[in-house]
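**Q** Mind folding the following:
(chains A and B)
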Amino acid sequence: MKGKKERTLLEPRELLAMYRDMVRIREFEEACPKLYSQGKMGGFLHLYSGQEAVGVGVAHAMHQEDYMIAAYREHGLILAKGTPPDVVMAELFGKATGVSKGKGGSMHMFDAERRFMGGYGIVGGHLPLAVGIGFAILYRESDEVVVCLFGDGATNQGVFHEAMNMAALYQVPVVFVCENNGYGIGTSVARASAVEQLYKKSCAYETPGVKVDGMDVLAVYETVRQAVQRAREGGGPTYVEAITYRFRGHSISDPGTYRSEQEKKIWQERDPIPNFAERLIAEGRASREQLDQIDAEEKQRIEAAIRFAEESPEPAAEELWTDVYAKF
Amino acid sequence: MPEITCREALNQAIREEMERDPAVFILGEDVGLYEGSFKVTRGLLAKFGDKRVVDTPIAEAGIVGLACGAAMAGLRPIAELMTVNFAIVAMDQIMNSAAVARYMFGGQCSVPLVIRAPGGAGHQLGAQHSHTLDALFMHCPGLRVVIPSIPADAKGLLKSAIRSDDPVMFLEHEGLYATKGEVPDGEYTIPLGVADVKRQGKDVTLLAVSRMVYVCLEAAELLARDGIEAEVVDLRALNPIDMPTVLASVRKTHRAVTVEESWLTGGWGGELVARIVAAAFDDLDAPVLRVGGADVPMPYNKALEKAAIPDVAQVVARVREIL
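**A** Numbering: from 1, shown residues only, chains lettered A, B, ... in the order given. So this is what the prediction gives:
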């Protein structure tokens, strides 16, 4: 909002909130495979474990009024935006209380109140939507910002280039955040993209491209904060490439055998959550006890979310026919 | 009532809606400075400025996607696509984003988007600029499909489409932009999904949209010379289809022929036949027949192109088969 002071230095309270958000996402995601194997969820399940520093760094760099829009690996992102885990879990269970009333599922979560503008299952398909939301902000002469998250695979889609071009042409307040986790399903970036340094793709549109360590929540936070501020002040789009890694396969049905054990081990050692915990303790920003307590609270929070989802009702049969059209 | 062209009627509709509602804007290739490939947007840039009349790059998926996102964020965009064939380039945004967003997100967002696209054959433009893809859009739940034939309908329907909270494919015929007709003075709208009986008759019902309405009216005149009175129903929308009007007409005439410009296979005529047979089988005195375009990519050659599009003779011949 106009006149609102931009934050630069983080208070311990905010650092702990970042830690808590990352733990919440991890607990949420790691609870899912078991529930999935019990048949409580259907469809695909694209887990976010390993990428928490990106979503949480991004969310903390935004205002509540700013818009977030994402691809299909979005449970972690909608949680980072502040949506309660209960309704996110209920959506995975397909329940009426789910954030998309059980009609969207894992890939199509939406929270109008918190301006989470959806998860989308067509690779790259939501990038022009982000530009349109940014266009609406400009049109209304308000000063919100859109942050659009997508994977490395999206940068090889035609609409990536259409969206980048139009965003730069109209100078819309969009921050494009590419979560480069190294693989589009089972195909490595090197085997899919002629340009491996994905942040360089923005140069064709005279849009700043920045690379950031996606395993470091504070690095992501600071990079995206600057990009958001630039967009809010009328400076147009920025393209951020966050280098990250997904600890699990592409989806629940993918064991991820195309990746070597050694590669996985290297990235596991860079796990954004314990590394951030150690840093907070080493810098005297938090005690081990504080962090342990957060871990325990979030574990309970997710258990409560699972109970909420289990106890929630199925959508009524007539819901099949609602919301296809507006009433007229 | 003043006589104006379809082109002018569409222009009036856009102009009036932009005056009425500041959330309405138009975007597309050459809609601004160039004033539209078919000059539908003439004068709009001068009146409303480049914030509300937005020239875009040639990037159909980007245009429709941007418009869809803007609609989800509260604006009411009118996206002009230069030719309906180019809508196929944007089909992902039309079907996977605009049409499904409300449902997929549990009713949390609206997509009040109008996509205007000219189409239709008759100008020797070949297989990539001449098609009529009405049935393709009609197949997709969540999308409204609206197709005017006369100037008065073009204006009233476009105004309703702009005010609709659903995404609307508004399909115009290139061969009708210069067609003149009386348009009422002052403010009026025509509800979406209400057909119009363009000619009363008692012997057979002809069901059509767009330019084929004129073909049917001509066919009806020829048939009238032999004492056969054809009723011509202009559906004006394929989603929703005004079945009460269709069935009332069929129950009166007991015979029907669907007449569509597009490919017969998988076309909307087959859908209508199915619905009529299911609802009014006992009222029929003959099978419901169809007239449609040849199932071929549109040829360039003038004579071949003419042969690929339904004409008056074909409609008359089909009617005679069932009388």
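
**Q** Can you tell me how far B:Arg7 is from B:Gly122?
**A** Between B:Arg7 and B:Gly122 the distance, using Cβ to Cβ, to the nearest Å, works out to 16 Å. Using the backbone N, CA and C atoms, a C-beta is placed for each residue, glycine as well.

**Q** buried stuff in stretch A:226-238?
**A** Neighbour counts over stretch A:226-238 (16 or more other Cβ atoms under 10 Å in any protein chain shown) mark A:Gln226, A:Ala227, A:Val228, A:Gln229, A:Arg230, A:Ala231, A:Arg232, A:Gly236, A:Pro237, A:Thr238 as buried.

**Q** wait, which of those residues is closest to chain B?
**A** When the buried residues of stretch A:226-238 are ranked by distance to chain B (Cβ to the nearest Cβ), A:Pro237 comes first, at 13.1 Å.

**Q** ok, that closest one touching A:Val177?
**A** No: when contacts are counted by Cβ atoms under 8 Å, A:Pro237 is not listed as touching A:Val177 (11.1 Å).

**Q** Restricted to helices, list the buried residues of stretch A:226-238.
**A** Among the buried residues of stretch A:226-238, the subset assigned to helices under DSSP state H consists of A:Gln226, A:Ala227, A:Val228, A:Gln229, A:Arg230, A:Ala231, A:Arg232.

**Q** my read: the last one touches A:Val145, true?
**A** Yes: when contacts are counted by Cβ under 8 Å, A:Arg232 is listed as touching A:Val145 (5.3 Å).

**Q** Next up, the contacts around residue 85.
**A** Using chain A. Remark: with contacts taken as Cβ atoms under 8 Å, 6 or more residues apart in numbering or on different chains, A:Pro85 is in contact with A:Arg24, A:Phe28, A:Leu79, A:Arg301, A:Ile302, A:Ala305.

**Q** was after chain B, sorry
**A** Shown in contact with B:Asn85 (Cβ under 8 Å, 6+ apart): B:Gly119, B:Gln128, B:His129, B:Ser130, B:His131, B:Leu133.

**Q** Count the residues that sit near the closest residue to the first one other than its chain neighbours.
**A** Right, B:Gly119. Distances taken as Cβ to Cβ, 6 or more residues apart in numbering or on different chains place B:Val84 nearest to B:Gly119, at 3.4 Å, with adjacent residues excluded. Applying other Cβ atoms under 10 Å in any protein chain shown, we find 26 residues neighbouring B:Val84.

**Q** List just the nearest of the contacts of A:Pro85 to chain B.
**A** Minimum separation from chain B among the contacts of A:Pro85 (Cβ to the nearest Cβ) is found for A:Leu79, which lies at 16.9 Å.

**Q** What about the residue of the stretch 201-323 of chain B found nearest chain A, how many residues nearby?
**A** With Cβ to the nearest Cβ, the shortest gap between the stretch 201-323 of chain B and chain A falls at B:Pro240, namely 8.6 Å. As a burial measure, B:Pro240 scores 16 neighbours (other Cβ under 10 Å).

**Q** Verify the stated contact: it with B:Val194.
**A** No: contact status for B:Pro240 versus B:Val194: not in contact, 9.1 Å apart, counting by Cβ under 8 Å.

**Q** Return the residues in contact with the residue lying closest to A:Thr83 once chain neighbours are set aside.
**A** With sequence-adjacent residues excluded and distances taken as Cβ to Cβ, 6+ apart, A:Thr83 is closest to A:Asp111, at 4.7 Å. In this structure, A:Asp111 makes contact with A:Ile78, A:Lys81, A:Thr83, A:Val87, A:Val99, B:Gln108, judged by Cβ under 8 Å, 6+ apart.

**Q** from these, which single one is nearest B:Ala161?
**A** The closest of the contacts of A:Asp111 to B:Ala161 turns out to be B:Gln108 (Cβ to Cβ; 22.7 Å).

**Q** Quick one: mean pLDDT for stretch B:176-191?
**A** Per-region confidence: stretch B:176-191 scores 96 on mean pLDDT.

**Q** got it, and stretch B:15-23?
**A** 98.

**Q** Might you enumerate the residues of the stretch 1-150 of chain B proximal to chain A?
**A** Of all the residues in the stretch 1-150 of chain B, those in contact range of chain A (Cβ under 8 Å from any Cβ of the partner chain) are B:25, B:51, B:54, B:56-57, B:59, B:61-62, B:64-75, B:77, B:92-93, B:96-97, B:101-110, B:141-142, B:144.

**Q** same thing but 6 Å
**A** Contact residues, the stretch 1-150 of chain B versus chain A (Cβ under 6 Å from any Cβ of the partner chain): B:59, B:61-62, B:65-66, B:68-70, B:73, B:75, B:92, B:96, B:102-108, B:141-142.

**Q** Now which of these would you call buried?
**A** For these, a neighbour count by 16+ other Cβ under 10 Å gives the buried set as B:59, B:61-62, B:65-66, B:68-70, B:73, B:75, B:92, B:96, B:102-108, B:142.

**Q** Please, which helix or strand holds A:Ile137?
**A** Element membership of A:Ile137, judged by DSSP states H and E, is helix A:127-140.
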